[in-house]
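K.L.:
Okay, predicted coordinates and the sequence, questions at the end:
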Amino acid sequence: MHGLLLLDKPAGLSSFDVVRQVRRHFKTRKVGHAGTLDPLATGVLPVAIGEGTKLLQFLLAENKSYRATMRLGVTTDTLDSEGVELSRHEVPESVMTDLPGVFAKFTGVIEQIPPMFSALKRNGVPLYKLARAGEVVEREARRVSIERLDLISTQLPDVTIEVDCTKGTYIRTLCADIGEALGCGAHVVALRRLRTGQYPIENCLPLEQLSEVGDVTQHPSFLSVGDALFDRPAVELSAVAMSRLRNGVPPEIDGVMNALTAKDGELVRLFYDGILQAIARFAPERQNDKRGDFELIRIFNC
């Protein structure tokens with residue numbers, strides 16, 4: 001089986017715990033996930049199976065949406081409720097009038113310092129392992145973009161927000177930074193991923209229901225390898241172009257059978273006889289170098 005299974009991860013499991021369950025369920029080792037979720041977090045977790053694992057490099061680059069509840073007035077070493085309390089402060093009476101201005105400061109392109117309790121590695125060792133050993137290392141700030149930061153509800157000291165952001169954004173860090181800007185600190189008590197790229201939570205299968213589904217390939221949460229990147233233009237190749245592709249030769253425009261809608265530099269899906277063969281970048285300027293009009297990125301064997 002090859003494709004992408006959209007799962008709703010429950011709290012209490014790591015993303016790799018989910019991968020282990022999917023491996024056992026489908027009796028295959030070739031399984032991976034697109035974007036780590038902390039054990040505290042729930043929500044959209046695309047899990048790739050078989051040749052679908054070749055899609056992960058594209059899915060990891062997608063923007064994401066979250067709903068987070070942060071508790072003001074308390075900071076922890078993990079920046080969430082699973083950590084050790086570090087400090088406690090009174091929540092300012094002006095917090096409700098201060099929030100809009102603080103949110104504005106964290107909207108757009110910002111810099112974040114990744115948390116010590118994260119899967120990032122230093123000399124091959126995950127930072128969270130160093131943190132658990134009591135070690136703190138220098139981390140470089142990363143530039144991320146917060147496309148949307150909306151206040152959803154308040155029940156002080158808890159504040160719930162929704163965030164649209166680029167890859168690599170740490171919501172725990174965002175909430176901690178907002179708490180610091182408010183002068184009282186904050187940590188995350190609930191986190192739910194609502195969307196990864198084109199995949200909303202409404203399309204996801206709760207992990208606990210996986211065993212109840214008969215043929216998962218017929219379930220709405222499953223996407224074939226060819227359908228997974230449905231927002232990318234589809235290019236149908238001729239038999240001659242397919243023959244050349246089998247020999248590693250990128251296709252030319254005259255080997256395209258359907259109307260080509262891709263823009264220069266855009267990623268496209270190359271099909272032959274309705275089956276995905278490759279992900280490529282449309283690059284017509286390559287023709288001047290006699291290398292075809294598409295730059296091959298990933299080849300599939302479905």
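P.N.:
Sure, I can see it. Residues are numbered from 1 along each chain as shown.
K.L.:
Buried residues, stretch 109-121. List them.
P.N.:
Judged by neighbour count (16 or more other C-beta atoms under 10 Å), stretch 109-121 contains these buried residues: I110, Q112, P114, P115, M116, F117, S118. All C-beta spots, glycine's among them, are computed from the backbone N, C-alpha and C.
K.L.:
Checking my notes, the fifth one in a helix, right?
P.N.:
No - in this structure, M116 is coil, not part of a helix, as judged by DSSP: H, G, I helix; E, B strand; the rest coil.
K.L.:
hang on, isn't it packed against L127?
P.N.:
Yes - counting by C-beta atoms under 8 Å, M116 touches L127, with 5.3 Å between them.
K.L.:
anything in contact with each of these two?
P.N.:
Taking C-beta atoms under 8 Å, 6 or more residues apart in numbering as the criterion, M116 and L127 both touch V137, R139.
K.L.:
In the buried residues of stretch 109-121, find the pair that's most separated.
P.N.:
Greatest spatial distance among the buried residues of stretch 109-121 (C-beta to C-beta): I110 and F117, at 20.1 Å.
K.L.:
how about V44, secondary structure?
P.N.:
Applying three-state DSSP: V44 is strand.
K.L.:
cool, and Q209?
P.N.:
Q209 - assigned by three-state DSSP - is helix.
K.L.:
Which parts of the stretch 201-302 of the chain are helices?
P.N.:
225-228, 239-246 (DSSP state H, counting those that start in this stretch).
K.L.:
Tell me, domain by domain, which residues of this protein belong where.
P.N.:
The domain map for the chain lists 3-62+198-228, 64-196, 234-299, with the assignment taken from automatic domain parsing.
K.L.:
can I get those domains in TSV with mean pLDDT?
P.N.:
Below are the domains of the chain laid out as TSV (pLDDT from 0 to 100):
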stretch	mean pLDDT
domain 3-62+198-228	95
domain 64-196	94
domain 234-299	89
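K.L.:
how far does stretch 96-110 sit from the chain's center?
P.N.:
24 Å (C-alpha atoms, centre = their mean, to the nearest Å).
K.L.:
which parts of it are buried?
P.N.:
L99, V102, F103, F106, I110.
K.L.:
With stretch 211-223 instead?
P.N.:
Buried-residue list, stretch 211-223, by 16+ other C-beta under 10 Å: V216, S221, F222, L223.
K.L.:
next one: stretch 30-48
P.N.:
Going by neighbour count (16+ other C-beta under 10 Å), the buried part of stretch 30-48 is 31-35, 37-38, 40-48.
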